[in-house]
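**Student:** Okay, sequence plus prediction incoming.
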Amino acid sequence: MDEVHRWVFTICCGTLLCGVVSVLLPSRGMEKLMQMVLGLFMLCCILLPAEQRLRLPPLELDEAGAAAERAAEEVTGYFLRSTVAKGEEALRKEAAKELGESGIKEGDIQIYIEADEEEGAGGSGEGASPGFTARVRLPKEMENRDGELRERLEKRLGIAVRLDYSEE
C-alpha cells in the first residue's frame, strides 16, 4: 500500500510541476515543444512503478564484445578481399596493356596473381615487392623475349613476374 501512496504522490508532484512550468513559459512559440516534453515527463512519472517491477537480466558484456569483434572481423575481411580483388584486376589490366604494347594479342595472354608463401620469395626485379607474384602465360614463340618481357612487366607492375609459355 505504501508503494501506491508513493506512486500517487509522484504523479501529483509531476502534475504540479508541469502546471507551474507551463504557466511560466515566456513565449508562446515554444508551446507545442514544451507540451511534448511535459507529456513525456508525465508519462515517466506514471510508468515509474512499472520500472521497479521489471527486473531486467544483467547484460553479458563479454558476449556482446565477442559478437562485436566477430562482426568487425567479417567486415574487415570483406573489405580486404574486395581490395585485393580490385588490386588484382588493376594488375591484370596493366600487364595486358604492357604486353599489348609489346605486340602480344590480349587473347594470347593469361595472367594470374599469386600470394607468395614466404615473404621475400618474389622475383629479382628492381621494383619487385615481396608477397605477390604475377604468373603470366604467353605463347611459346615469345620465349625468346623472356628477359625483356619480364623486366618490362616487373617495372610496370612493381611485383615479381614469372613467365610461362604454352604451345597453343
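**Tutor:** The structure has been received and is ready for your questions. Since the model is a prediction, treat every value here as computed from it, not as a measurement. Numbers count the residues shown, from 1 in each chain.
**Student:** Can you name every helix or strand that the biggest helix by length in the chain contacts?
**Tutor:** Among the elements of the chain assigned as helix by DSSP state H, the one spanning the most residues is helix 61-101. On a contact count with 3 or more CB pairs under 8 Å, 6 or more residues apart in numbering; DSSP states H and E, helix 61-101 meets strand 110-115, strand 132-139, helix 146-157. Quick note: C-beta positions are derived from backbone N, CA and C, even for glycine.
**Student:** Can you lay out the ones you listed as a markdown table showing distance to G100 and mean neighbour count?
**Tutor:** Output for the helices and strands packed on helix 61-101, formatted as a markdown table (distance: least, CB to CB, whole Å; neighbours: other CB atoms under 10 Å):
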| stretch | distance to G100 | mean neighbour count |
| --- | --- | --- |
| strand 110-115 | 12 | 15 |
| strand 132-139 | 12 | 20 |
| helix 146-157 | 12 | 17 |
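**Student:** of all those, which lies closest to E63?
**Tutor:** Nearest to E63, of all the helices and strands packed on helix 61-101, is strand 110-115, at 34.4 Å by CB to CB.
**Student:** what mean pLDDT does that closest one have?
**Tutor:** In this model, strand 110-115 has a mean pLDDT of 78.
**Student:** Convert the C-alpha atoms of that strand to PDB, please.
**Tutor:** Extracted C-alpha coordinates of strand 110-115, given in PDB (Å, rounded to 0.1, in the frame of the first residue of the first chain):
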ATOM      1  CA  GLN A 110      46.700 -15.500 -69.300                       C
ATOM      2  CA  ILE A 111      47.600 -13.600 -66.100                       C
ATOM      3  CA  TYR A 112      47.300 -14.900 -62.500                       C
ATOM      4  CA  ILE A 113      48.200 -13.100 -59.300                       C
ATOM      5  CA  GLU A 114      49.600 -15.400 -56.600                       C
ATOM      6  CA  ALA A 115      50.400 -14.700 -53.000                       C
END
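**Student:** starting at the chain centroid, how far to that strand?
**Tutor:** Centroid separation for strand 110-115 versus its chain: 26 Å, with CA atoms, centre = their mean, to the nearest Å.
**Student:** Partner strands of it and their direction?
**Tutor:** Strand 110-115 pairs in its sheet with strand 132-139 (antiparallel), by DSSP bridges.
**Student:** about what we covered before: what angle separates the longest helix of the chain from helix 146-157?
**Tutor:** Counting by axes from the mean of the first three to the mean of the last three CA atoms, to 10 degrees, helix 61-101 lies at 130 degrees to helix 146-157.
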